[in-house]
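K.L.:
A structural model of the following input is requested.
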Amino acid sequence: MAIWSATGVGLKAGDLLVILGVVASLLAISAFYSQRRPDERLARLTRAMAELLLLIFMVGSLSYSGTSLAMPLRDEWFQAMDVALGFDWRFWLSVLDANPAIHEVLVLAYHSMLPQTALLPIVLAAIGAHRHLDRFLLSYALAAIVTVAIATLLPALSPVVHLGITPADHPNIVLAVPLEFAQHAQALREGSMKLVDLDGAQGLVTFPSFHTVSAVLLMLGFWGAPYWRWFGVGLNALMLVAIPIEGSHYLVDVIAGAALAVAAWGAAKWLLARERQRAASAYPAIAPVAAV
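P.N.:
Residues are numbered from 1 along each chain as shown. Now for the predicted structure:
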């Protein structure tokens with residue numbers, strides 16, 4: 001709320017009330033299954049869904065607030081890095097345009113991010129992999145916070161805008177990311193957009209790619225579920241392939257997003273281990289009394 005007040009960008013009151021109402025309901029259900037009718041799986045699942053909803057809402061709303069600060073655009077930097085890496089965005093767009101069937105598969109993979117993010121807690125809660133679920137949630141939160149902070153300081157409008165790409169450049173396909181994201185970014189930077197409508201909200205983060213962060217974390221998350229791990233690896237590998245063109249990202253966005261996800265996964269493991277050690281020292285197990 002403080003960031004919204006500082007930037008002057010906020011949500012419609014109705015949208016905010018809906019989100020808070022859903023989160024409160026999920027937490028109430030979690031409390032019910034924690035205390036009144038103990039069921040650890042349902043309690044952990046509903047709490048996880050509440051946390052994820054808040055995180056996704058936070059990433060989206062803070063990215064809008066960060067964009068409104070209108071820091072200098074860095075598209076030239078990222079484009080120069082892609083050139084140095086030998087990545088030709090226009091060429092790969094033409095390849096995809098010449099293969100609409102591949103495009104259709106990649107679009108489905110790209111749009112699987114949110115359904116997968118909802119599915120993973122269900123899978124992990126169902127098999128009782130609660131520590132793995134905690135690690136996924138914490139790493140997701142850490143990566144989300146860092147992503148928004150970096151994107152605020154190093155904003156960009158994407159290759160589609162920077163290279164002047166129009167639908168005429170890809171007549172056989174429609175890219176997964178709509179052009180409205182650039183319109184929203186420009187309106188926020190100019191100060192003409194102050195109220196965010198969730199119905200038309202767009203992902204505004206370019207560097208690092210949060211789609212990439214999610215794909216890598218989902219891979220790692222599904223790896224903790226024996227019968228789902230190869231599903232997670234396969235689908236998210238396709239998502240990673242889709243992100244540069246379908247998601248209108250520089251290659252360096254993807255590289256940075258992957259590195260951030262791995263770092264967040266490692267940091268979450270360390271933080272959770274420290275918390276378990278602290279809890280163990282604060283509440284040591286009571287040693288059994290020897291029989292006399």
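K.L.:
quick one: the strands in the stretch 51-200 of the chain?
P.N.:
Ranges of strands within the stretch 51-200 of the chain are 195-196, based on DSSP state E, counting those that start in this stretch.
K.L.:
what does stretch 232-244 contact?
P.N.:
Contacts to stretch 232-244, defined as C-beta atoms under 8 Å, 6 or more residues apart in numbering, come from residues 87, 89, 92, 105-107, 109-110, 112-113, 116, 120, 176, 209, 211-212, 215-216, 218-219, 221-223, 225, 249-251, 253-254, 258. Glycine gets a C-beta too; all of them are placed from N, C-alpha and C.
K.L.:
show me the shaky parts of this structure.
P.N.:
1-15, 178-184, 191-204, 283-292 (pLDDT under 70).
K.L.:
that one: helices as residue ranges?
P.N.:
Counting by DSSP state H, the chain has helices at residues 2-7, 13-31, 40-68, 75-84, 89-97, 100-110, 113-126, 130-153, 159-162, 180-190, 210-222, 229-246, 251-282.
K.L.:
which of those is buried the deepest?
P.N.:
Stretch with highest mean neighbour count among the helices of the chain: helix 210-222 (a mean of 26; mean count of other C-beta atoms under 10 Å).
K.L.:
list the contacts of that one.
P.N.:
For helix 210-222, contacts defined as C-beta under 8 Å, 6+ apart pick out 59, 110, 113, 116-117, 120, 123-124, 132-133, 136, 139-140, 143-144, 147, 203, 228-229, 231-233, 236-237, 239-240, 243, 247, 249, 253-254, 256-258, 260-262, 264-265.
K.L.:
picking that back up, need the helices of the chain in CSV with distance to Asp169, can you?
P.N.:
Formatted as CSV, those follow (distance: least, C-beta to C-beta, whole Å):
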stretch, distance to Asp169
helix 2-7, 34
helix 13-31, 35
helix 40-68, 25
helix 75-84, 16
helix 89-97, 7
helix 100-110, 14
helix 113-126, 25
helix 130-153, 26
helix 159-162, 9
helix 180-190, 15
helix 210-222, 22
helix 229-246, 11
helix 251-282, 18
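K.L.:
ok, which of those helices comes nearest Ala168?
P.N.:
Closest to Ala168 of the helices of the chain is helix 89-97 (C-beta to C-beta; 10.7 Å).
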